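Asker: no sequence for this one, just the structure:
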């Protein structure tokens, strides 16, 4: 036998489907609960259990209930659970069935709470736990419903109503829905019917209690009788044997009736259990047959739908082909009409093209005349460009000569610049010599200072050499003056040399500028020569294009002449065909006229022949 769905299995269903599963579990044992409870509040407890199961079924079917209403129903079911658990003697079936109803309404309340719950996963786990508890309690109340609960779970999985932990789409969990009936019994009786049944049950219980009391009294009376008999045996006390016999007979009847009632009750219980087993077996078999039949019907319906789809597709293809054929026929008819109209238009167009050809021929002759004039002008322009080119060549030679002269002058300037550079080198050497002499003079001054110190030390020696020193000093001063003059002269020469170098540099820059201008003029002349060559090439190309156009025009003229000849021949053929048709039509009319005359003559002859034939009389 397959195992019951676990909590992980139930997580394959959305929450509404889980509530539907739990509610159907509780409803399958509702009849067991109603038949096993007793007491003054039994009807209220049955109503509470039934209402809680109904609320769970309605929520699973898509109805939204107020949480306070569901909580109130849960409190009522709790009272029923407490009453079933505290019954004396304990009633196992009622306890498990009421617990199943409590778990179903608890699952409903938890599912409603998932909408506003901060922890939806925890609330969804409460729904799963309540559903598992409900299924276990229902199986404990009636173990034979286990296959039916497994079947409900499998059908809910196949319906694919959503995903956990979402609420999912609603499902009809009642007997009329896709899950089928829950049991063979009708829905739970109403409170009034339950009160009547309980009243009858209480009356039977009172009668049984009364019988028990009578049996007890009989036993006491029998004990008293035996005591009296013993006393009578001892003290010869008189006793009524008839009363004792009647009492014994009545007691035996009561015992027989009680035994009969017990046997009838046991038989009723056995019959009830047998009927339930037979019904559940038949129901299971019937449900399997219905499932197989439904599967076969679905398969046949699917095959029928596929066949219908194929027929529709075939009809659509045939209709499309018919429509295409009809469109082709219409197109052929339209093309035939258009071809007829096109032939007429082509005939008119040929006439128009012939007229246009005449006009184009005249225009071509005019264009040929204009082309010859443009060609003559082109030849004149080419001759003019040749003269210009010769003139530019002469200018180019002149510019080349000027460029050579300027180049020669530039070389002379460079030679002079080199000479100046050599003179400048000589001046720099003289300047270095002067610097050396000045350095020697400084050394001599230092020596003089040393001598002067020595003169201070030895004044006597100084006085002896004072005259020589004065002479030497005069020579030195004269030499210094000469050196200073030479220095000034060198500086003047150096400045003049710098000015000459600057003039040479400016003149060189001017020569460079003129050379650059000459180079630019040469490049400009070359560019003009290249442009003239390009112009000449362009003129040659234009002349070739004109010749090509002339050839194309000649070919087009020949083609037009051929077309005109063809058109003329076609026109002649059409005219001949028209004349032939006209002759045939005239011959047809003549033949028809002769046939009409012959027919009239034949009628005339027959009319005359009828006049000569005598009419037979009978």
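Answerer: That came through fine. Since the structure is predicted, the reported quantities are computational estimates derived from the model, not experimental observations.

Asker: contacts, neighbours, all on C-alpha from now
Answerer: OK.

Asker: show me what the helix or strand that contains residue 328 is packed against.
Answerer: Using DSSP states H and E, residue 328 sits within helix 241-457. Counting contacts by 3 or more CA pairs under 8 Å, 6 or more residues apart in numbering; DSSP states H and E, helix 241-457 packs against helix 191-235, helix 459-612.

Asker: closest one to residue 432 among these?
Answerer: Closest of the helices and strands packed on helix 241-457 to residue 432 is helix 459-612, at 11.0 Å (criterion: CA to CA).

Asker: from the chain's centroid, how far away is that closest one?
Answerer: 56 Å (CA atoms, centre = their mean, to the nearest Å).

Asker: over to stretch 109-127?
Answerer: In terms of CA atoms, centre = their mean, the centre of stretch 109-127 is set 34 Å apart from its chain centre.

Asker: just the endpoints, please. Distance across it?
Answerer: By CA to CA, to the nearest Å, the extent of stretch 109-127 from end to end equals 8 Å.

Asker: so what touches that stretch?
Answerer: When contacts are defined by CA atoms under 8 Å, 6 or more residues apart in numbering, stretch 109-127 is touched by residues 15, 16, 18, 19, 67, 70, 71, 106, 107, 108, 165, 167.

Asker: compare those residues and tell me which is most surrounded.
Answerer: Using other CA atoms under 10 Å as the neighbour test, the contacts of stretch 109-127 are led by residue 108, with 35 neighbours.

Asker: surely that residue is in contact with residue 19?
Answerer: Yes: at 6.0 Å, residue 108 and residue 19 qualify as touching, with contact defined as CA atoms under 8 Å.

Asker: can you find the helix or strand in the protein with the smallest mean pLDDT?
Answerer: helix 191-235 (a mean of 61; mean pLDDT, DSSP states H and E).

Asker: re the thing from before, of all the helices and strands packed on helix 241-457, which lies closest to residue 358?
Answerer: When those are compared by CA to CA, helix 459-612 sits nearest residue 358, at 9.4 Å.

Asker: the closest one packs against which elements?
Answerer: For helix 459-612, the packing partners by 3+ CA pairs under 8 Å, 6+ apart come out as helix 241-457.

Asker: tilt between the helix it packs on and helix 459-612?
Answerer: If you take axes from the mean of the first three to the mean of the last three CA atoms, to 10 degrees, helix 241-457 sits at 140 degrees to helix 459-612.

Asker: change the start of the numbering to 453 and stick with it
Answerer: With 453 as the first residue, the last one maps to helix 693-909.

Asker: and helix 693-909, how far from the chain's centre?
Answerer: With CA atoms, centre = their mean as the basis, helix 693-909 stands 18 Å off its chain's centre.

Asker: nearest to residue 858, out of the helices and strands packed on helix 693-909?
Answerer: Closest approach to residue 858 among the helices and strands packed on helix 693-909 is made by helix 911-1064 (7.4 Å; CA to CA).

Asker: would you mind measuring from residue 1037 to residue 1031?
Answerer: Residue 1037 is 10 Å from residue 1031, by CA to CA.

Asker: and what of residue 517?
Answerer: 102 Å.
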